[in-house]
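In: Okay, here's the prediction I keep looking at, along with the sequence it came from:
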Amino acid sequence: MALTKRAIQIILAHPVLSALIIEFFYTGTNAIANLFLEVFQSEVPCAAVTLAMTTIKVALDKVIAEGKDVTFKRDIYVDIYVDILGLMSKCNMSPIHCAKTKACCVQWAKIGRNGGYSGMATRFDLDLD
């Protein structure tokens with residue numbers, strides 16, 4: 001599955017991505033967001049979003065292609081990570097898409113800092129067009 005700027009925009013609004021980001025970076029006493037509070041306090045960094053997107057893409061591709069569990073190794077996902085990072089940079093050249101991406105990153109950080117989804121909406125009301 002090739003990734004395009006449009007695909008990146010759609011993935012950003014997907015609840016699976018937000019759940020993965022919040023669970024991985026903000027949940028638990030040793031959460032990365034707690035260890036690097038200054039980095040994750042106000043918004044999720046682009047590199048963290050890209051890592052989550054890469055994880056989802058690699059997992060889906062592997063399961064679809066082989067029907068197997070995924071073993072994450074650098075050599076498997078480094079090229080995909082770099083591609084997604086580049087596409088996110090291209091998307092962020094557009095003021096509209098940059099603002100939408102930032103809004104997602106800020107919202108994820110807010111939800112994560114407030115203890116996850118408990119008591120909060122799990123979907124974003126985000127217009128991608």
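Out: Thanks, I have the structure now. Since we're looking at a predicted model, the values are computed, not measured.
In: going forward, measure contacts between C-alpha atoms and count neighbours the same way
Out: Will do.
In: Roughly how far does the residue of the chain positioned farthest from its centre sit from residue 59?
Out: No residue in the chain sits farther from the centre than residue 66, which is 24.1 Å out by CA atoms, centre = their mean. In this view, residue 66 and residue 59 are 10 Å apart by CA to CA, to the nearest Å.
In: and if you look at residue 68?
Out: 9 Å.
In: Give me the more crowded residue out of the two.
Out: residue 59 (18 against 10; other CA atoms under 10 Å).
In: Look at residue 57 and tell me its secondary structure.
Out: Classification of residue 57 by DSSP: H, G, I helix; E, B strand; the rest coil places it in helix.
In: Just give me the neighbour total for it.
Out: Neighbours around residue 57, by other CA under 10 Å: 19.
In: for residue 52, what are its contacts?
Out: 17, 20-21 (CA atoms under 8 Å, 6 or more residues apart in numbering).
In: Secondary structure element for it, which one?
Out: helix 46-66 (DSSP states H and E).
In: tell me how far the helix or strand just after that helix is from the chain's mean position?
Out: Reading on from helix 46-66 to the C-terminus, the next helix or strand found by DSSP H and E is helix 74-91. Put simply, helix 74-91 sits 12 Å off its chain's centre (CA atoms, centre = their mean, to the nearest Å).
In: Over to stretch 59-68?
Out: That offset, for stretch 59-68, works out to 19 Å (CA atoms, centre = their mean).
In: And for stretch 32-50?
Out: Distance, centroid of stretch 32-50 to centroid of chain: 11 Å (CA atoms, centre = their mean).
In: got the buried residues for it?
Out: 33-34, 40-41, 43-44, 49-50 (16 or more other CA atoms under 10 Å).
In: pLDDT value on the residue nearest to residue 59 when sequence neighbours are not counted, please?
Out: Using CA to CA, 6 or more residues apart in numbering and skipping residues adjacent in sequence, the residue nearest residue 59 is residue 70, 5.9 Å away. You'll see residue 70 listed with a pLDDT of 72.
In: try the one 10 residues further on
Out: Among the per-residue scores, residue 80 holds a pLDDT of 87.
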